[in-house]
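Peer 1: this one's sequence-less:
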């Protein structure tokens, strides 16, 4: 077999990025080589630094380059309420919505025995230990999928002995959603959770 | 102003890639950190190697890590016919179509005085020198845009004294193109260039 040129090797390497196929990978590399070598050099340097330095926060398991993440080390946030999410991207989304100012706990996935992810992988012991230190309310902000529901149920059971208020995010019609295009499952949740005005 | 975390810095750095906005940049970094650190490490290493090592072929100006690119150093290709293209991606597209087995010359852009790209930037002198060494036919495979047409015209004029056959790629209806959706300009080119069967 013919040996790959350096250009072909980099195009292959770009394909580890999500949503990047052979055409976009080629476009990315040629763009960097022809128009933005400085940007590419900076990307390579800081990406390799991030991969070496970024680990998990000791307290909430979110991704961070420090021992404690920015949110856990921020003394101005509510310390008795904790939001349990699946992934770091959920923390970013909730922070951007400015709708919550408490603690977080990042499961880094859902329970999924078929993929070998049990209670240990999503850090249930760690979560229980954190809840024992003054947390009074848990909001389960996990996805509304089968795995998400199972995970929420498991966590609620595991935390029962601690006597903590446990809630889930409201389910219903999204803002701006037209009834015509909302699926049946969402509609029945919206009916169940209706509020008097 | 608050200092950016390392994660925010990498997300910003990913945005130098074409077609990558803040959401995809975040998705790319989180994917690498959560699921494919090895792939990310490899990408960072080989991208930085490529940016340092890849330059232009001495003969055709295409991107390559060697002094002469693979195509110029391949003795089995036609040495009297040369295809003039705008960018390295055009060479890749033509090579993949398997429709041509001669030499190339890569302009690395088109003439565009408003962006400061004149004959020197697209290597006209270099092209003339190459044509003097045994090239008998030139195919101008530049884009069918205003800049492309102007560049083709300029090159044709510059090469006139050398007495070389100069042609342009045929213009007409693309393969699989339905007449209904073909624009007027393409249609009139297709009528002009009609062939008897």
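Peer 2: Received the coordinates, thanks. Every value quoted in this text rests on a predicted model; they were computed, and no experiment measured them.
Peer 1: next helix or strand past the lengthiest helix in chain A?
Peer 2: Longest helix of chain A, by residue count under DSSP state H: helix A:37-53. As assigned by DSSP states H and E, the chain's next helix or strand after helix A:37-53 is strand A:55-56.
Peer 1: Excluding its own residues, what touches the helix or strand of chain A with the lowest mean pLDDT? List them.
Peer 2: When each helix and strand of chain A is scored by mean pLDDT, DSSP states H and E, helix A:184-192 comes last, with a mean of 87. Residues outside helix A:184-192 that contact it (CB atoms under 8 Å, 6 or more residues apart in numbering or on different chains): A:171-173, A:179, A:182. C-beta: built from backbone N, CA, C; applies to glycine.
Peer 1: For it, could you pull out the residues that count as buried?
Peer 2: Residues of helix A:184-192 classed as buried under the neighbour-count rule (16 or more other CB atoms under 10 Å in any protein chain shown) are A:189-190.
Peer 1: Distance from it to the middle of the chain?
Peer 2: Centre-to-centre, helix A:184-192 and its host chain are 25 Å apart (CA atoms, centre = their mean, to the nearest Å).
Peer 1: and if you look at stretch A:132-150?
Peer 2: Chain-centre distance of stretch A:132-150: 13 Å, with CA atoms, centre = their mean.
Peer 1: and that stretch, average pLDDT?
Peer 2: What stretch A:132-150 shows for mean pLDDT is 91.
Peer 1: cool, stretch A:66-77 as well?
Peer 2: Averaged across stretch A:66-77, pLDDT comes to 93.
Peer 1: Could you do stretch A:167-174 as well?
Peer 2: The average pLDDT within stretch A:167-174 is 89.
Peer 1: how distant is it from the center of its chain?
Peer 2: For stretch A:167-174, the distance to the chain centre is 18 Å (CA atoms, centre = their mean).
Peer 1: Also stretch A:106-121?
Peer 2: The chain centroid and the centroid of stretch A:106-121 are separated by 13 Å under CA atoms, centre = their mean.
Peer 1: mind checking the end-to-end distance for it?
Peer 2: 11 Å (CA to CA, to the nearest Å).
Peer 1: Name the residues of it that are buried.
Peer 2: Applying 16+ other CB under 10 Å to stretch A:106-121 flags A:106-111, A:117 as buried.
Peer 1: what does stretch A:20-28 give?
Peer 2: A:20, A:24-28.
Peer 1: Tell me which residues touch the residue positioned nearest the centre of chain A, please.
Peer 2: Nearest to the geometric centre of chain A sits residue A:87, at 1.7 Å (CA atoms, centre = their mean). For residue A:87, the contacting residues are A:106-109, B:30, B:34, taking CB under 8 Å, 6+ apart as the criterion.
Peer 1: let's see 10 Å
Peer 2: Residue A:87 makes contact with A:62-63, A:93, A:106-110, A:142-143, B:30, B:34 under the criterion CB atoms under 10 Å, 6 or more residues apart in numbering or on different chains.
Peer 1: Make JSON lines from those residues and add distance to residue B:58 and secondary structure to it.
Peer 2: Output for the contacts of residue A:87, formatted as JSON lines (distance: CB to CB, whole Å; DSSP: H, G, I helix; E, B strand; the rest coil):
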{"residue": "A:62", "distance to residue B:58": "51", "secondary structure": "coil"}
{"residue": "A:63", "distance to residue B:58": "46", "secondary structure": "strand"}
{"residue": "A:93", "distance to residue B:58": "51", "secondary structure": "helix"}
{"residue": "A:106", "distance to residue B:58": "53", "secondary structure": "strand"}
{"residue": "A:107", "distance to residue B:58": "56", "secondary structure": "coil"}
{"residue": "A:108", "distance to residue B:58": "51", "secondary structure": "coil"}
{"residue": "A:109", "distance to residue B:58": "52", "secondary structure": "coil"}
{"residue": "A:110", "distance to residue B:58": "56", "secondary structure": "coil"}
{"residue": "A:142", "distance to residue B:58": "59", "secondary structure": "coil"}
{"residue": "A:143", "distance to residue B:58": "56", "secondary structure": "coil"}
{"residue": "B:30", "distance to residue B:58": "42", "secondary structure": "helix"}
{"residue": "B:34", "distance to residue B:58": "44", "secondary structure": "helix"}
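Peer 1: Out of these, which comes closest to residue A:131?
Peer 2: The closest of those to residue A:131 turns out to be residue A:107 (CB to CB; 13.6 Å).
Peer 1: Isn't the closest one up against residue A:151?
Peer 2: Yes: when contacts are counted by CB atoms under 10 Å, residue A:107 is listed as touching residue A:151 (6.9 Å).
Peer 1: quick one: the helix or strand hosting residue A:24 to helix A:37-53, angle?
Peer 2: Using DSSP H and E, residue A:24 maps to helix A:22-35. Computed by axes from the mean of the first three to the mean of the last three CA atoms, to 10 degrees, the angle separating helix A:22-35 from helix A:37-53 equals 120 degrees.
Peer 1: Please consider this matter closed, and thank you.
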